[in-house]
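**Q** Build me a model from this:
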Amino acid sequence: MDLSTNYLGLKLKNPIVPSASPLSQTVDSVKALEDAGAAAVVVYSLFEEQINHESGELDHFLSHGTESFAEALSYFPSPSQFKLTPSQYVEHIAKLKKAVNIPVIGSLNGVSRGGWVNYAKKIEEAGADALELNVYYVATDAEMTGADVENMYIDALKAVKQNVKIPVAIKLSPYFSSMANMAKKLDEAGADGLVLFNRFYQPDFNLEKLEVEPNLVLSSNWEMRLPLRWIAILYGNIKANLAATSGIHSHQDIIKVMMAGADAAMVCSELLVNGVGRITAMLKGMEEWMTENEYSSVQMMKGSMSQKSCAEPAAFERANYMKTLQSYKI
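**A** Okay, the predicted model is just below:
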């Protein structure tokens, strides 16, 4: 049974890649992922704000106006809340490369073209096999157009690509007016892979303390449907590899995203809740399903349920929308 796949120019022994999370914070935890069967690992993100904070570039931004709103500083994590400093993060990449045999993918989380992109080169020099650029931006300026937002993503990607020779994937959100066109633009700008999709975390209000507080909710299985459909739409229409993330919890989920056209299936919440041993169980489940359904390889199933053969995917989605509504019975 051949479970191998190709992602970002890397030959992976199977499609399962733990995404950026606390699971990669120590060498031992990454070794455990490798032992469980992970084909590669995306190291937790180094944030643009961390680098700028260390260089002092955020001092004015964070302190300006705090005489009127003292709680403003509380919105930004203190340096002690980050597990590692930027330089220690680079050292962590180097240690992981010496300790494991699977590909190690670094992760930068930011949006601007600032000096933080220089860390892409440092991550490459530390031995990272590839880099994932996690662009997380909420457009709150009413004067900013959709085109302005798109250009921020494209400019950040181009700036990173200019600094490194290793493959670069970009992790983005689905909130574009024309997702297919945005994917095409990123593909043309040099993205080696698209990771679909980033989850935007919504804060909550604490009514007792009258404070805004973070509220991280792990993914549910139904969230996989959004990347599943977009991967099926994009497969065969762009050159960049496609990775599915959000809501992947079982071997059936992995098979579905492979059939949609994904090159990798990124798992996080399932491992955080039920342990890294779930990787072994999912691989076993894949092999059993493939044997039962007479698939000899992942490549054989890849893209088999995509919309590549559909002349107008929008019409297909419209028909699916109507069929879904009509299927509900009371």
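
**Q** What are the buried residues along stretch 251-267?
**A** Residues of stretch 251-267 classed as buried: 251, 253-267 (neighbour count, 16 or more other C-beta atoms under 10 Å). Every C-beta, even on glycine, is put in place using the N, C-alpha and C of the backbone.

**Q** Name the nearest of those relative to Ala156.
**A** When the buried residues of stretch 251-267 are ranked by distance to Ala156 (C-beta to C-beta), Met266 comes first, at 20.3 Å.

**Q** Provide the partner residues of that closest one in its beta bridges.
**A** Val17 (DSSP bridges).

**Q** residues touching it, list them.
**A** By C-beta atoms under 8 Å, 6 or more residues apart in numbering, the contact set of Met266 is Val17, Pro18, Ser19, Val42, Val195, Ala243, Ala244, Thr245, Ile248.

**Q** which one among the buried residues of stretch 251-267 gets closest to Val149?
**A** Met266 (23.9 Å).

**Q** and the gap between that closest one and Asn118?
**A** For Met266, the distance to Asn118 equals 26 Å [C-beta to C-beta, to the nearest Å].

**Q** And Lys161, by the same measure?
**A** 13 Å.

**Q** Neighbour count: the two, which is higher?
**A** Neighbour count, other C-beta atoms under 10 Å: between Lys161 and Asn118, Lys161 has more, with 21 against 12.

**Q** Go ahead and confirm that one touches Leu186.
**A** No - counting by C-beta atoms under 8 Å, Lys161 does not reach Leu186; the two are 10.7 Å apart.

**Q** joint contacts of those two?
**A** Counting by C-beta under 8 Å, 6+ apart, nothing touches both Lys161 and Leu186.

**Q** ok, Lys121 - contacts?
**A** Contacts of Lys121 by C-beta under 8 Å, 6+ apart are Asn163, Val164.

**Q** which residues in the stretch 101-250 of the chain form strands?
**A** Here the stretch 101-250 of the chain has its strands, by DSSP state E, counting those that start in this stretch, at 104-110, 130-135, 168-172, 193-196, 204-206, 211-213, 241-244.

**Q** which stretch among the ones you listed comes nearest Met152?
**A** Here strand 130-135 is closest among the strands of the stretch 101-250 of the chain (C-beta to C-beta), at 7.8 Å.

**Q** Next up, phi/psi of Ser306, please.
**A** For Ser306, the backbone dihedrals (degrees, to the nearest 10) come out as phi -80, psi 180.

**Q** Give me the neighbour count for it.
**A** Neighbour tally, Ser306, other C-beta under 10 Å: 21.

**Q** Look up the closest residue to it, ignoring the ones flanking it.
**A** Tyr235 (3.9 Å; C-beta to C-beta, 6 or more residues apart in numbering).

**Q** Next, work out how far apart the one you found and Gln299 are.
**A** Applying C-beta to C-beta to Tyr235 and Gln299 gives a distance of 13 Å.

**Q** Between those two, which is the more surrounded one?
**A** Neighbours per residue, other C-beta under 10 Å: of Tyr235 and Gln299, the larger number sits with Tyr235, 21 against 14.

**Q** Might one say that the more buried one is in contact with Asp263?
**A** No - the criterion here is C-beta under 8 Å, and Tyr235 misses it with Asp263 at 9.6 Å.

**Q** Need the overlap of contacts for the two.
**A** What both Tyr235 and Asp263 touch, as defined by C-beta under 8 Å, 6+ apart, is the set Leu242.

**Q** send the alpha carbons of stretch 272-285 over as PDB?
**A** Taking Å, rounded to 0.1, in the frame of the first residue of the first chain, the C-alpha atoms of stretch 272-285 are listed here in PDB:
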ATOM      1  CA  LEU A 272      -4.400  17.900  21.100                       C
ATOM      2  CA  VAL A 273      -7.500  16.200  22.400                       C
ATOM      3  CA  ASN A 274      -6.800  12.500  21.900                       C
ATOM      4  CA  GLY A 275      -3.000  12.300  21.700                       C
ATOM      5  CA  VAL A 276      -0.500  11.700  18.900                       C
ATOM      6  CA  GLY A 277      -1.300   8.000  18.800                       C
ATOM      7  CA  ARG A 278      -4.300   9.000  16.600                       C
ATOM      8  CA  ILE A 279      -1.800   9.400  13.700                       C
ATOM      9  CA  THR A 280      -1.100   5.700  13.900                       C
ATOM     10  CA  ALA A 281      -4.800   4.800  14.100                       C
ATOM     11  CA  MET A 282      -5.600   7.100  11.100                       C
ATOM     12  CA  LEU A 283      -2.900   5.500   9.000                       C
ATOM     13  CA  LYS A 284      -4.200   2.100   9.800                       C
ATOM     14  CA  GLY A 285      -7.700   3.200   9.000                       C
END
